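Participant: Got a predicted model here, sequence first, then my questions.
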Amino acid sequence: LVLLFIALAWYLYPDAQRVLKFMKNNPDRSAYLLVENDSIIARHEADKAIPLASTVKIVVAIEYAEQAAAGMLNPDEPVALSALETFYVPKTDGGAHEAWLETLSDKIQNDAVPLREVVRGMIRHSSNANTEWLMAKLGLDRINARTDSLGLKQHTPIYYIVSALFVGKEAFPDLKGKALTKAWKQMDMETYISHTQAIHEKLLSDPAYKTVLGDLNTGVQKAWTDKLPAASANDYVSIVQRMNRKSFPPAVQTLLDEVMETMMENSKNAAKFQHAGMKGGSTMSLLTRAMYATDKQGLTIEMTYFLYPLSALEMIRLQSSMSDFEQAVLTDAAFRAQMKEQLGIH
């Protein structure tokens, strides 16, 4: 048992090289774009649209900042926790919503929190419940129009992501297993999104609806992942470049920094960077990340990377090393040089 524990600890030990090696050895399952001071260091499949998972929440945050800066909503508006609870489905978000709630002890008044804290919970803790509520608050039509105004060329439509979990239950109540997976895969996106809109309304009107989730076997989860909003590495590097260069209008930028740059609240990061931010996402077979930083000397780094599809073991090993990999990308010139040499520009 001791030897097994040691072997397992070694196998899962965080290692920045593990992520780099995966990218190098699996070009068919990797897409990335790394930019240093406006020069491309590494690029592969950067125009390919790939499911984003929670990385899509960056666009929702931008729409929030734009509307708040325009006076369309108040960042300090109280939001009832019960309204967010409407879209919380236990055991489907890796504990994200509960983790966010645990940080709110000094923010809750009359069972409500400021709108800005809801957005921070969506980005920092990746609460799906907060995200679905915000999508409705901001308007899906406005969020999708924002992808156009940002010039995101490969972005597919954004829709209610919590409601999508119930598409099988709603559209194919009599199917399970492989039959359900096949039906899920074959559904066209217009019909799929229409179901998510109807389900969203049911979640609002019937609290009991979410208590029965339906069959979410591994095949269904893969089909669900495949239909998530997608975009390219180019698309999301273009977004984080604007954040890194503070090129949004000042009022918008201030609101964005508040929700996107929570990593600067860590003293170690504050000692290294003028500013930095990131947002990632994952499913059972997908890892995504968009990140940026400007160091104390003014060096700018932006990177987006997508790894998909992944096995369960690959997910565990890569997730254990992502933090080390990202710190190396943002702080280690020698590591970036290694990436340039091993990954190249394609």
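Facilitator: Arrived safely. Numbers count the residues shown, from 1 in each chain.
Participant: Report the contact partners of residue 235.
Facilitator: 152-155 (CB atoms under 8 Å, 6 or more residues apart in numbering). No exception for glycine: its C-beta is placed from N, CA and C like everyone else's.
Participant: most neighbours, which of these?
Facilitator: residue 155 (22 neighbours; other CB atoms under 10 Å).
Participant: ok, it to residue 239 distance?
Facilitator: 10 Å (CB to CB, to the nearest Å).
Participant: now swap in residue 15 and tell me
Facilitator: From residue 15 to residue 239 the distance is 29 Å (CB to CB).
Participant: Please say which of those two ends up with more neighbours.
Facilitator: Using other CB under 10 Å as the criterion, residue 15 and residue 239 rank with residue 239 on top: 23 against 16.
Participant: show me the contacts for that one.
Facilitator: 58-59, 62, 150, 152, 290.
Participant: Reformat the residues you listed into TSV and put distance to residue 30, pLDDT and secondary structure next to each item.
Facilitator: Converted to TSV, these look like this (distance: CB to CB, whole Å; pLDDT from 0 to 100; DSSP: H, G, I helix; E, B strand; the rest coil):
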residue	distance to residue 30	pLDDT	secondary structure
58	20	98	helix
59	23	98	helix
62	26	98	helix
150	24	98	coil
152	20	98	coil
290	15	98	strand
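Participant: Could you rank those residues by neighbour count and give me the top one?
Facilitator: Most surrounded of these: other CB under 10 Å gives residue 290, at 28 neighbours.
Participant: Run through the bridge partners of that one.
Facilitator: With DSSP bridges applied, residue 290 shows beta-bridge pairing to residue 279, residue 304.
Participant: give me every residue that touches it.
Facilitator: Going by CB under 8 Å, 6+ apart, residue 290 touches 55, 58, 236-237, 239-240, 278-280, 303-304.
Participant: and with 10 Å instead?
Facilitator: Taking CB atoms under 10 Å, 6 or more residues apart in numbering, we find residue 290 in contact with 33, 52, 55-56, 58, 231, 233, 235-237, 239-240, 243, 260, 277-281, 302-306.
Participant: Just give the nearest non-adjacent residue to residue 75, would you?
Facilitator: residue 116 (4.1 Å; CB to CB, 6 or more residues apart in numbering).
Participant: returning to what we had before: got any residues that touch both of residue 155 and residue 239?
Facilitator: Joint contacts of residue 155 and residue 239 (CB under 10 Å, 6+ apart) are 59, 147, 231.
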